[in-house]
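Participant: here are the coordinates; sequence isn't available:
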């Protein structure tokens, strides 16, 4: 796996041509497997002999994984994503009440309000540059630099240019999840920066350890604040549950749960909105379909999840015995990546046109359901909220700015330095 990330789809196609399960090498020469075929992944995600707990990770248990390994947090954080059986059900039940259909629908008004505020501010943000380093002068984008020394260079004449990722796609889900958790606005930018470092796969060991220390410190401050001043938020509810019955939630599980909620609650939706805007701007015929009512904004969200999954390869699951998946043996204790971006374009499941962004595939209701939000017991708890946020964001964005377009070529957009997250670091757009 390339620690620097990049667009995964060409490599995925080569792997899929060879089979549904692929041996891969992770940073640090750690041997692993990736399940990339749709049917194989669906089977693997719900297999009774596949675990999430790090105790099943043979190399980790035997001391072969050093501190600072860029993927170690995915294995060792204490929360729902690394728990099995009764522990998983206990942790999930503590959070699930915040994501019932009724509670999510109750958030619709707030999501619409935040979306409107951000859209109102977009024209003013155009021309002011961005915190990530873009230098926008008038209608010209000059040497816009992404964090990590990648450079976007363009000359956009006669357009109001703004980094849509920074000024819209990120603050919407970050604001909503932080409001749900009771995290003050002063921490939003810092938490986003630290989240980026935690999901990075090319990060130096000392930087990885520092990012983990820093995010734990921030979330401990949040927990202490909510302990002293409880409110109508999920963090306060988790603390109350812990104080009522210490067996229900340990201190490490509280911080781990908050960490997972922050990262999963904004990074994936941020990538989803970003990828959807890129797809619609590159496929104006599909944008015309939805603008004319021949396809829905929900179709846009579902097709983006399939065609350009916000998460490319998610760590980790471990077979609890030698397991044969689609004819390939995955040895017990092997760390396995869930290849969501590959499965979304698997022609065996989605047809010969699987690599085509096509909203009409949902018209008959016969399209194969994608796996980008997981499957089985660990299906994404916040899927309904993420879809609602993205649907509202996209509809309102293109209603307000129907001629919005990406201001640079796809090749000029700097990619995430990760094979976990799948998106770009910046999205300069002309508002039209």
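Facilitator: Yep, it's here. Here the structure is a predicted model, which is why all the values come from computation and not from measurement.
Participant: all strands of the stretch 251-400 of the chain, in order?
Facilitator: With DSSP state E, counting those that start in this stretch as the criterion, the stretch 251-400 of the chain has strands at 313-319, 323-325, 328-330, 336-339.
Participant: Pick the most deeply packed of those.
Facilitator: strand 336-339 (a mean of 27; mean count of other C-beta atoms under 10 Å). Yep, even glycine has a C-beta here, placed from its N, CA and C like the rest.
Participant: partners of that one, with directions?
Facilitator: Paired with strand 336-339 in the same sheet, following DSSP bridges, are strand 30-35 (parallel), strand 313-319 (antiparallel).
Participant: I figured residue 423 was touching residue 274, is that so?
Facilitator: Yes - Residue 423 lies in contact with residue 274 (C-beta atoms under 8 Å); the separation is 4.9 Å.
Participant: need the contact list for residue 41.
Facilitator: By C-beta atoms under 8 Å, 6 or more residues apart in numbering, the contact set of residue 41 is 20, 35, 338-340, 343, 371, 375.
Participant: is it fair to say it lies in a helix?
Facilitator: Yes - the assignment for residue 41 by DSSP: H, G, I helix; E, B strand; the rest coil puts it in a helix.
Participant: That one and residue 346, how far apart?
Facilitator: Taking C-beta to C-beta, to the nearest Å as the measure, residue 41 and residue 346 are separated by 8 Å.
Participant: returning to that earlier point: closest to residue 320 among the contacts of residue 41?
Facilitator: Closest to residue 320 out of the contacts of residue 41 is residue 35 (15.6 Å), distances taken as C-beta to C-beta.
Participant: which residues sit in contact with that closest one?
Facilitator: The contact partners of residue 35, by C-beta under 8 Å, 6+ apart, come to 20-21, 41, 44, 325, 336-339.
Participant: now the residues you listed in a markdown table, with pLDDT and distance to residue 115?
Facilitator: Shown next, in a markdown table, are those (pLDDT from 0 to 100; distance: C-beta to C-beta, whole Å):
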| residue | pLDDT | distance to residue 115 |
| --- | --- | --- |
| 20 | 98 | 39 |
| 21 | 98 | 41 |
| 41 | 98 | 33 |
| 44 | 98 | 36 |
| 325 | 97 | 41 |
| 336 | 98 | 37 |
| 337 | 98 | 33 |
| 338 | 98 | 30 |
| 339 | 98 | 32 |
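Participant: so what's the residue nearest to residue 311 when sequence neighbours are not counted up against?
Facilitator: Spatial nearest neighbour of residue 311, chain neighbours left out: residue 340 (5.2 Å); criterion: C-beta to C-beta, 6 or more residues apart in numbering. The contact partners of residue 340, by C-beta under 8 Å, 6+ apart, come to 41, 309, 311-314, 371-372.
Participant: Tell me the one of these nearest residue 191?
Facilitator: Nearest to residue 191, judged by C-beta to C-beta, of these is residue 311 at 18.5 Å.
Participant: what's that closest one in contact with, if anything?
Facilitator: By C-beta under 8 Å, 6+ apart, the contact set of residue 311 is 268, 271, 340-341, 372, 420-422.
Participant: Tell me the one among those nearest to residue 185.
Facilitator: The shortest approach to residue 185 among those belongs to residue 268, at 20.9 Å (C-beta to C-beta).
Participant: Could you tell me how many residues sit around the spatially closest residue to the closest one that is not a sequence neighbour?
Facilitator: Closest residue to residue 268 apart from its sequence neighbours, by C-beta to C-beta, 6+ apart: residue 310 at 4.5 Å. Residue 310 has 25 neighbours, counted by other C-beta atoms under 10 Å.
Participant: Residue 310 and residue 424: what is the separation?
Facilitator: Counting by C-beta to C-beta, the separation of residue 310 from residue 424 is 12 Å.
Participant: ditto for residue 386
Facilitator: 19 Å.
Participant: Ok, residue 103 next?
Facilitator: When residue 103 is compared with residue 424 (using C-beta to C-beta), they lie 32 Å apart.
Participant: Those two: which has the busier surroundings?
Facilitator: More neighbours surround residue 424 than the other of residue 103 and residue 424, with 22 against 14 (other C-beta under 10 Å).
Participant: What residues does that one make contact with?
Facilitator: For residue 424, the contact set (C-beta under 8 Å, 6+ apart) comprises 165, 274, 278, 413-416.
Participant: and it, bridged to which residues?
Facilitator: residue 415.
Participant: With the one 5 residues further on instead?
Facilitator: Taking DSSP bridges, one obtains residue 162, residue 406 as the residues bridged to residue 429.
Participant: Just give me the neighbour total for it.
Facilitator: For residue 429, the neighbour count with other C-beta under 10 Å is 28.
Participant: can you check residue 385 too?
Facilitator: As a measure of burial, residue 385 has 24 neighbours, counting by other C-beta under 10 Å.
Participant: my read: it touches residue 108, true?
Facilitator: No - when contacts are counted by C-beta under 8 Å, residue 385 is not listed as touching residue 108 (9.8 Å).
Participant: Could you give the bridge partners of residue 319?
Facilitator: residue 50.
Participant: how close does it sit to residue 41?
Facilitator: 14 Å.
Participant: Then residue 394?
Facilitator: Applying C-beta to C-beta, the value for residue 394 to residue 41 is 27 Å.
Participant: tally of neighbours for residue 334?
Facilitator: Using other C-beta under 10 Å, residue 334 is surrounded by 22 other residues.
Participant: Pretty sure it sits against residue 26.
Facilitator: No - if you go by C-beta under 8 Å, residue 334 and residue 26 don't touch, sitting 10.9 Å apart.
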